[in-house]
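# Provided below for reference: sequence and predicted model.
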Amino acid sequence: MSVGRSDYTDHTVLLYDTESNHLSSTTVTNHDKTAKHIQVSAIPKSLKANDDCKLLILSSPTPREYLGKVKKIGGDICIALFQGQEKEKRTAVRYPVITVALINALVVDEQSYALQTPIRIELINISTSGIRFRAPYYSLVKDDVFKMNLIISNNKRIITAKVTNYIDNDSTSSSDYGCQLLGVE
């Protein structure tokens, strides 16, 4: 994890407790890069001053991951951004997030082709390098590149991703897709 150079104002942020349980999805209202802290539109009641948390900011071109500490600065509640979380064996930690999104285009030879009927998916988790979601059987195949609309906390992002693997779920007539994130707009 590292503190980025980008301004995260107006970006979606997913907040997690230290056990990686999803607490809320909100929007960054102010990013002080010098002090390395952000203000968000809403802090869950379960987070109090001096509590530790984890954050996944849906920034462009790829999401950024941070450890955070809730701080009261003046009359404002902020989250200080830190680096240095112990890494698990995966390259990027997966964070659960349950929301619905739409795949609205396939990308072939770097050209985007809109789908007449978007594919409705259920996002399962997200990391700085990928996403996992559930979709109807045979929606996509390995190496398909697609664009999807992801709306979290009234903040819309367009994500470009590539299917790296999938597992069919016989009992639900669906498949779970693992995808590499190629970009966030």
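Arrived safely, thanks for sending. As the structure is a prediction and not an experimental result, all values here were calculated from the model.

# what's across from the spatially closest residue to Glu185 that is not a sequence neighbour in the sheet?
Spatial nearest neighbour of Glu185, excluding adjacent residues (Cβ to Cβ, 6 or more residues apart in numbering): Ile158 at 4.3 Å. C-beta: built from backbone N, CA, C; applies to glycine. Beta-bridge partners for Ile158, by DSSP bridges, are Asn149.

# could you do Ile131 as well?
Where Ile131 sits in a bridge, its partners, by DSSP bridges, are Ile126, Cys179.

# count of residues packed around it?
Here the count is done by other Cβ atoms under 10 Å, and Ile131 has 23 residues near it.

# swap in Val163?
Counted with other Cβ under 10 Å, Val163 comes out at 18.

# just the strands in the protein please.
Using DSSP state E, the strands of the chain run over 12-16, 22-32, 37-40, 52-57, 64-73, 76-82, 95-108, 111-126, 130-136, 145-152, 155-169, 174-184.

# would you list these in CSV and tack on distance to Ser46?
Compiled in CSV, the strands of the chain are given as follows (distance: least, Cβ to Cβ, whole Å):
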stretch, distance to Ser46
strand 12-16, 10
strand 22-32, 6
strand 37-40, 14
strand 52-57, 10
strand 64-73, 10
strand 76-82, 13
strand 95-108, 16
strand 111-126, 20
strand 130-136, 25
strand 145-152, 19
strand 155-169, 21
strand 174-184, 27
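
# tell me which of those sits most buried.
Sort the strands of the chain by mean neighbour count, taking mean count of other Cβ atoms under 10 Å, and strand 12-16 sits at the top with a mean of 23.

# who are the packing partners of that strand?
strand 22-32, strand 37-40, strand 52-57, strand 95-108 (3 or more Cβ pairs under 8 Å, 6 or more residues apart in numbering; DSSP states H and E).

# which other residues reach that strand?
Here strand 12-16 makes contact (Cβ atoms under 8 Å, 6 or more residues apart in numbering) with 22-28, 38, 40, 43-44, 47, 53-58, 68, 95, 97, 126, 152-153, 155, 157.

# residue ranges with poor pLDDT in this protein?
1-5, 83-91 (pLDDT under 70).

# outline the domain layout of it.
Domain assignment for the chain, taken from automatic domain parsing, gives 12-82, 95-184.

# need the ones you listed in CSV (columns: distance to Ser6).
CSV is the format used below for those (distance: least, Cβ to Cβ, whole Å):
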stretch, distance to Ser6
domain 12-82, 5
domain 95-184, 11
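
# now the nearest residue to Ser24 once chain neighbours are set aside: phi and psi?
Nearest residue to Ser24, sequence neighbours excluded (Cβ to Cβ, 6+ apart): Pro44, at 4.5 Å. Main-chain torsions, Pro44, degrees, to the nearest 10: phi -60, psi 150.
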